[in-house]
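In: fold the following, please.
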Amino acid sequence: MEAQLSDRLRGIAVGAAVGDALGMPLEFGLASPANDLIRGMRPGRLPAGSFTDDTEMALALAESLLAHPELDSDDLAHRFLDWYERNPEDVGVLTGTVMQNISEGMPWQEAAHNFHELNPHNAGNGSVMRCWPVVIAAWDNEETILAYSHQQSKVTHAHAECDAGCAFINDMLFHLLHGADPQQAYQAALVKVDMPDPLRQIVKLAPHRRRAELRNTGWVRHTIESALWGLLNTHNFEEALVQVINLGADADTAGTVVGALAGAAYGSSAIPSAWSQALRGAWPVQTESIWQAENFIQLTDRLAGVSLK
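Out: Next up is the predicted model:
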């Protein structure tokens, strides 16, 4: 595998985790003043450098892909349940409701469907935050990436915007891996991926938004909007991350998504060493097994060696 492709693949994993950790202390807060942006790892509800449920669920997906290269939704649901039953520090409302029903014996298909039926307008960002391992595993197969993006989303999120959002972000990652610049990747994914009209309009307008217009909530459309705005209005990994995490609100998830995108665009070698060296978190959760940047690099190398059909 050529060195540049390897660097970009590693950039997805390390970038996503770094973005999660950078955004963690700013989650649920107000946007930082534009002239006073936070640029380093800080403590919040967790120690500085800690990743959250965004990365933990991605790791569960990655391990499922390693065990079952042709993605097995039942296995993935089981791994999500194991994560949930270990009492992680943070679980999103939609994901938590679905996982609680699964833990009580409801099939995952029914649990996800029932939540959507009761909350038809709830299109949370809990599946887009975790979807990046699919791209690493299927880096040379765009159609598989799209199919598995939808499949992994449906285990917990039944809303069409959630599925489409995962496919759009992962299709951008695919094109970035293969040499497209951010604008080219954005345009290619716009053409390739089917999206509900409201999400498509958000995606089209995202690069042109003013900072004050970005809401950055837990809605998948707002997370994607913020990530695109940050990626397409900056020119390096650091600035893309700094701009997005300082929007506050759901800062860790927007940080995760823009971190994966910027990591694919600029490579792991472009991630500031102070950030990557500070990265740490327990995996599996509530154990003494601590993951750092090197673990994400090793995971990437293993996952990229898996051939999906």
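
In: Val93 - nearest residue in space that isn't next to it in sequence?
Out: Gly124 (7.2 Å; Cβ to Cβ, 6 or more residues apart in numbering). C-beta coordinates here come from the backbone N, C-alpha and C atoms, glycine included.

In: and the one you found, how many neighbours does it have?
Out: 25 (other Cβ atoms under 10 Å).

In: bridged to it, which residues?
Out: Gly124 has these beta-bridge partners by DSSP bridges: Trp219.

In: how close does Leu247 sit to Arg8?
Out: Separation of Leu247 from Arg8 (Cβ to Cβ, to the nearest Å) stands at 25 Å.

In: same question, Met195
Out: 25 Å.

In: more neighbours, those two?
Out: For the pair Met195 and Arg8, the greater number of neighbours falls to Arg8 (27 against 22), based on other Cβ under 10 Å.

In: which element follows the helix or strand that that one is a member of toward the C-terminus?
Out: Assigned by DSSP states H and E, Arg8 falls within helix 3-23. Using DSSP H and E, the helix or strand that follows helix 3-23 in sequence is helix 53-67.

In: please enumerate the helices of the stretch 201-309 of the chain.
Out: 220-232, 237-245, 251-266, 273-278, 293-304 (DSSP state H, counting those that start in this stretch).

In: contacts only, for Thr55.
Out: Listed by Cβ atoms under 8 Å, 6 or more residues apart in numbering, the contact set of Thr55 reads 16-17, 20, 256, 281.

In: again, only using 10 Å
Out: The neighbours of Thr55, taking Cβ atoms under 10 Å, 6 or more residues apart in numbering as the test, are 13, 16-21, 24, 129-130, 132, 252, 256, 259, 279, 281, 283, 291, 296.

In: Asp90 is nearest to which of the helices of the stretch 201-309 of the chain?
Out: Asp90 sits nearest to helix 251-266 of all these, at 8.6 Å, using Cβ to Cβ.

In: report the buried residues of the strand or helix carrying Ser149.
Out: Using DSSP H and E, Ser149 maps to helix 142-154. Going by neighbour count (16 or more other Cβ atoms under 10 Å), the buried part of helix 142-154 is 142, 144-154.

In: ok, stretch 89-102 next?
Out: For stretch 89-102, a neighbour-count test (16+ other Cβ under 10 Å) marks 91-92, 94-99, 101-102 as buried.

In: and if you look at stretch 119-132?
Out: 122-132.

In: check the residues you listed against Ala212 and report the nearest one.
Out: Within these, the smallest distance to Ala212 is 20.9 Å, found for Asn125 (Cβ to Cβ).

In: please give me every residue in contact with that closest one.
Out: Going by Cβ under 10 Å, 6+ apart, Asn125 touches 54, 92, 94-95, 157, 161-162, 165-166, 217-224, 227, 250, 253-254, 256-257.

In: Tyr84 touches Pro284, doesn't it?
Out: No - Tyr84 is beyond contact range of Pro284, at 11.6 Å (criterion: Cβ atoms under 10 Å).

In: who touches both of these two?
Out: 56, 60.

In: higher neighbour count, those two?
Out: Tyr84 (22 against 16).

In: can you tell me which residues contact the more buried one?
Out: 53, 56-57, 60, 91, 95-96, 98-100, 102-103, 285.

In: and the pLDDT for it?
Out: Looking at Tyr84, its pLDDT reads 98.
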